[in-house]
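1. sequence and computational prediction follow.
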Amino acid sequence: MSDKIQAKARELLESGQVSCFVGYEEGTRGRVRPAFVYDAQDAERLIWDDRCTHNLTVYLHQFQGSGREEPPQVGIIVKPCDSRALNVLLHEGQVTRDSVYVVGVTCNGVRVNGQPQDRCQRCAERVPLVYDLVLGGVPKTVGREDYADVDRLEGLSPRERLAFWMREFDRCIRCYACRQACPACYCSECVAEQLDPAWMSIAIDLPQKQFFHVMRAYHLAGRCVGCDACEDACPMDIPLSLLNRKIAREVETLFDYRPGQDATTPPPLATFDKEESIPL
Amino acid sequence: MNVTTRDDVTAWLDRLAERFTLIAPMAVEEQVFYRPVAGSAEIAFDFVRTDLPVKEYFLPSTHVLLSIGRDQGEIHVEEPALDGERVVFGLRPCDARALHVLDALFLEDEPVDPYYAERRERTVLVGLACREMGEACFCTSMGLAPDDAGDVDLMLTEIGEEGDGAAYAVQVVTEKGRAILGSLSLEGVEGNPPAPTVREPIPILEAEAWPQHFDDVYWTRLGDRCLSCRVCTYVCPTCRCFDVRDYEMRDRSIERLRAWDSCMSEGYRRIAGGHNPRPTKAQRLRNRFYCKFCYYPQDFGPVACVGCGRCIATCPVNVDVVEVLEDVGAL
């Protein structure tokens, strides 16, 4: 599988079809990390295995430049969940489809520190939804989202639930790793850091942490594809996916909408139909 | 060496907790942090290193420097009092060295930071030597050792078996350390604590050799991968940048806050008028390494890295300082 990716990247770079290929490489200490290959002869660095957890679509923004000139062509590897993030970016006009050569990979789930990921066990998409080329065998397993953990949390009283989140947010250090690892968090100036008006103080205290995480979760409503890049990046092991999936379920229930299924269906929170009303 | 038992140490810590604010490693969920503890029962003795360094007790992530209120036309300026006398127990040698690195800027260079100085003055440091180096540790490359007693007031080294049956060799390093020894029962025993298991150090480029590599494309390529988050700087025991801002509170009083800031953030270097001298993440990442290994040693003396490995362990995209040091050495 790695050799097929290497061959494709080599071909794209040699032909000049892309100027950079974004994939995965062997890092230090047994870790895998994002790789940026500019030269066909470096394509041999590229690998693919179940340690390739990063959602590489977060990097597409850095190739878009100022918007004044044509962006360079980029090749990129996407897993099924990443492909949904790419659809969100395409739909929101952050990336143009013809500037990206998408190598989709079928996926049987990834591992972090050797552990199979919860999100992969819940994942029903084993083939990318947007691609120019798909590599990999027929996927073996298909998971199912049952929101069991969200249900468990919702079984708690509001007071207990608040206590749970306050305990989790308390460990936050406002490092913004969650935001920076998120493909959908691409604002050039985040509410959390805006100076004028200053919505939030610079304090790294519980009220700011709570505000930041709740605000981010709301901004991702109908946009988060559940790739869990935020949770993987968090140095404090805060279960951010739980927050995101609570909102994802609400959006799914109310609007029968899952983000990233295609690049054309308008997301419910970005549209307004004067006939629509939500029974309260 | 002077030896004491785990039971005697816990009893001693319980007595200390009555007189001082005792700050010690505490298990929180799956992690370990330095936290104020009520007694020894809350202390985690078995850990590689804490997830955050001890710097938050000397340069807190948030600190109200002063508050300004108005009362019947009179303006009052209040400076909140700092914590009382403190003992930090279970300090790893790298974290203790990091305080010495910070001293070079905050204490030994004018102007002295009065808040840091006061907190430092009011705190006794009790070290706990490492038996071996953790997976991401490279303290030996930064000129210290897992059992380095040079930067603490008292040093405890675990000897014999691990766990509750452990005994400790106690080394008095400073008078401040001797003063809190109190009634800790010590038994004189022949010999020395066993040496920790160490890894070979890697060579570190001298500060003077860094500028010639400043424009190398290496930094651009390394920056490709960087997410420009703040993890590395906030888990770092020697990163010390802060921001100060004034806020109007609900009761119309003003609070002047000092909070951690990070050179990894885009707005960090932005100046009036909107110009940003370090607009790219690659420039910001390069700056972090230059700050640690070139600018800080040139400006203040010590290298601003102690080899704790926290940035290695937490970077979401595997920016590994040991690899960077090896790469830069080979440029």
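-> Done, it's in.
2. which secondary element of chain B has the worst mean pLDDT?
-> Within chain B, no helix or strand scores below strand B:187-188, which has a mean of 87 by mean pLDDT, DSSP states H and E.
3. so what does that strand touch, helix or strand wise?
-> strand B:2-5 (3 or more CB pairs under 8 Å, 6 or more residues apart in numbering or on different chains; DSSP states H and E). C-beta coordinates here come from the backbone N, C-alpha and C atoms, glycine included.
4. what about A:Thr28, how many residues nearby?
-> Residues contacting A:Thr28 under the criterion other CB atoms under 10 Å in any protein chain shown number 14.
5. sorry, that was for A:Arg29
-> 13.
6. hang on, isn't it packed against B:Ala136?
-> Yes - A:Arg29 lies in contact with B:Ala136 (CB atoms under 8 Å); the separation is 7.1 Å.
7. shared neighbours of the two, anything?
-> B:Ile312 (CB atoms under 8 Å, 6 or more residues apart in numbering or on different chains).
8. how about the helix ranked longest in chain A as CSV, C-alpha atoms only?
-> Determined from DSSP state H, the single longest helix within chain A is helix A:240-255. The C-alpha coordinates for helix A:240-255 follow below in CSV (Å, rounded to 0.1, in the frame of the first residue of the first chain):
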residue,chain,number,x,y,z
LEU,A,240,-13.8,16.8,23.1
SER,A,241,-15.4,14.3,20.8
LEU,A,242,-18.1,13.8,23.3
LEU,A,243,-19.0,17.5,23.1
ASN,A,244,-18.9,17.6,19.3
ARG,A,245,-20.9,14.4,18.9
LYS,A,246,-23.6,15.6,21.2
ILE,A,247,-24.1,18.6,18.9
ALA,A,248,-23.7,16.4,15.8
ARG,A,249,-26.6,14.2,17.0
GLU,A,250,-28.8,17.2,17.6
VAL,A,251,-28.1,18.5,14.0
GLU,A,252,-28.7,15.0,12.6
THR,A,253,-32.0,14.6,14.5
LEU,A,254,-33.4,18.1,13.8
PHE,A,255,-32.2,18.5,10.2
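9. elements contacting that helix?
-> By 3+ CB pairs under 8 Å, 6+ apart, helix A:240-255 packs against helix A:148-154, helix A:206-219, helix A:229-233.
10. deepest in the core, which of these is it.
-> helix A:229-233 (a mean of 25; mean count of other CB atoms under 10 Å in any protein chain shown).
11. shouldn't B:Leu82 be within a strand?
-> No - assessed with DSSP: H, G, I helix; E, B strand; the rest coil, B:Leu82 is coil; it does not lie in a strand.
12. any idea how far A:Thr141 is from the closest residue to it other than its chain neighbours?
-> Among residues not flanking B:Leu82 along the chain, B:Glu118 sits closest, at 5.4 Å (CB to CB, 6 or more residues apart in numbering or on different chains). As for B:Glu118, its distance to A:Thr141 is 59 Å (criterion: CB to CB, to the nearest Å).
13. which of these two has more neighbours?
-> It is B:Glu118, of B:Glu118 and A:Thr141, that has more neighbours when counted by other CB under 10 Å, with 14 against 11.
14. any residues touching the helix or strand hosting that one, and which ones?
-> Taking DSSP states H and E as the definition, B:Glu118 sits inside helix B:114-121. Residues outside helix B:114-121 that contact it (CB under 8 Å, 6+ apart): B:57-59, B:63, B:65, B:82-83, B:86, B:99, B:102-103, B:106-107, B:258.
15. likewise stretch A:233-241?
-> Taking CB under 8 Å, 6+ apart as the rule, stretch A:233-241 contacts A:118-119, A:168-169, A:171-173, A:175, A:177-178, A:180-181, A:213, A:217, A:226, A:228, A:230-231, B:29-31, B:51, B:227, B:229, B:231, B:235, B:314, B:316.
16. alright, I will stop here.
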